[in-house]
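Undergrad: Okay, sequence plus prediction incoming.
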Amino acid sequence: MAKSPLSSGKVLLIFVSWWAIWALLQTSLLTSFGLSTTVALSDSCFSNTVTALCCGFVSNNMQYYLPNKERYWYILLISLGLGTLSTVICKAALVPLLHSKDDAVDYALFFSRSWTVRLDVAFLQIGCMSILSVLWYTAAEERENRQRRTDAERLAKEAELFKLRQQLAPHFLFNSLNSISALIGSRPEQARKMIQQLSDFLRGNLRKEDQQWVQLSEELQYLELYLEIEKVRFGHRLSTELDYAPECLDHRLPSMLLQPIVENAIKFGLYDTTESVTISIRARLADGYIRIEVINPFDPETSRPKKGTGFGLTSIQRRLYLLFARPDLLETRVEENLFITTVRIPASTAGLPAGASAKEGASAKEGASAQEGDSAKAVGPTNPIQTP
């Protein structure tokens, strides 16, 4: 519920000051009609106090009932009714109190001749206060509605981000268990080693459960653990190359961002060949972005689309859009027989302090439209042979 404008100390000060100035002007006007200063000041102070109380009453009650557009004529009735009431109260109180035969001007006669003007002024004053109150509460209600929509969108976005992050471990676990199953019969020692490494990997994943942002150095360490598991799986056929600029290591990026990309590269770099393959991972700081490239060779003549969950690159694209409201941060391209996946993280967000949330990372992007969100659900220029 919106607060009354008079609950603000600054607005209340303006309100009281305005009535004090108006009371002085009315006192000056009444003395010009021949009333004594005492009578004029008493009349002015009492009548303006009553009208001010009526204005405060209207403003406070509109906090609980605000006429809609079809019922704005209620404002006229309320203003006229309270204006009439204030005039009647002033007549009932002031005429017996200020009427004196010794005065140069008969106050009772003066009031009977001026009551229409008093009613008009009270009606206008209460009407203006009513209109200002409607504008105040309408603006406050719009702000509250906008905040509720923003909060709902933020909660929905955080829920989707959480869901995407939760899907990473089962997706990787499914593939790893298949590999362990294949190794148990032929290479049981390697299978046991892979189980131990998988246990360490999942334990680290649990520790990172509440971290949405991690340093690039930590992400690379986590990635190396994953690559050790894959090297057990593929043996000498898989080798990796890490090439990163030292100034990138302290910058932050969404956790578990690189593992699905590297998994995608391994899948389409090794599945259709019996030769050894080198997966290259490069990180550079350029043009205000942390630019990370994952490069894998492939044979366009033997590589074929494979049936999968469709989770890898699509999930990365969606996560990046939810965090930054930009669909262009994940790109793929082919150079001869190399497939290159590029991720760019804005350096201003990549430098978030430890424990920063995705909400903080995307605070500058809260105004993105739902239409843009729908358009980001599909991965952009991804080569079809690389889409898991």
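TA: Noted; the coordinates are in hand. Residues are numbered from 1 along each chain as shown.

Undergrad: how near is residue 270 to residue 299?
TA: Residue 270 sits at a distance of 11 Å from residue 299 (criterion: CB to CB, to the nearest Å). Placement of C-beta: from N, CA and C, glycine included.

Undergrad: Settle this for me: residue 94 is touching residue 43, isn't it.
TA: Yes. Under the criterion of CB atoms under 8 Å, residue 94 makes contact with residue 43 at 5.9 Å.

Undergrad: higher neighbour count, these two?
TA: Here residue 94 and residue 43 are set side by side on neighbour count (other CB atoms under 10 Å), and the busier one is residue 43, at 24 against 19.

Undergrad: what about residue 270 and residue 299, which has more around it?
TA: Relative neighbour count places residue 270 above the other of residue 270 and residue 299, with 21 against 13, counting by other CB under 10 Å.

Undergrad: who are the neighbours in contact with the more buried one?
TA: Going by CB atoms under 8 Å, 6 or more residues apart in numbering, residue 270 touches 234, 237-238, 277.

Undergrad: PyMOL command for the buried members of those?
TA: The buried residues among the contacts of residue 270 can be selected in PyMOL (16 or more other CB atoms under 10 Å) with this line:
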select buried, resi 234+238+277
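
Undergrad: Next, format the contacts of residue 270 as JSON lines and append secondary structure and distance to residue 82.
TA: As requested, the contacts of residue 270 are arranged in JSON lines below (DSSP: H, G, I helix; E, B strand; the rest coil; distance: CB to CB, whole Å):
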{"residue": "234", "secondary structure": "helix", "distance to residue 82": "84"}
{"residue": "237", "secondary structure": "helix", "distance to residue 82": "88"}
{"residue": "238", "secondary structure": "strand", "distance to residue 82": "84"}
{"residue": "277", "secondary structure": "strand", "distance to residue 82": "84"}
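
Undergrad: Which one of the contacts of residue 270 is nearest to residue 328?
TA: Taking CB to CB as the measure, residue 328 sits nearest to residue 277 out of the contacts of residue 270, at 28.6 Å.

Undergrad: Thought residue 269 was touching that closest one, still the case?
TA: Yes. In this structure, residue 277 is within contact of residue 269 by CB under 8 Å, at 4.6 Å.

Undergrad: residues shared between the contacts of these two?
TA: Taking CB under 8 Å, 6+ apart as the criterion, residue 277 and residue 269 both touch 296-297.

Undergrad: which regions of the stretch 1-150 of the chain sit below the pLDDT cut-off?
TA: 1, 100-104 (pLDDT under 70).
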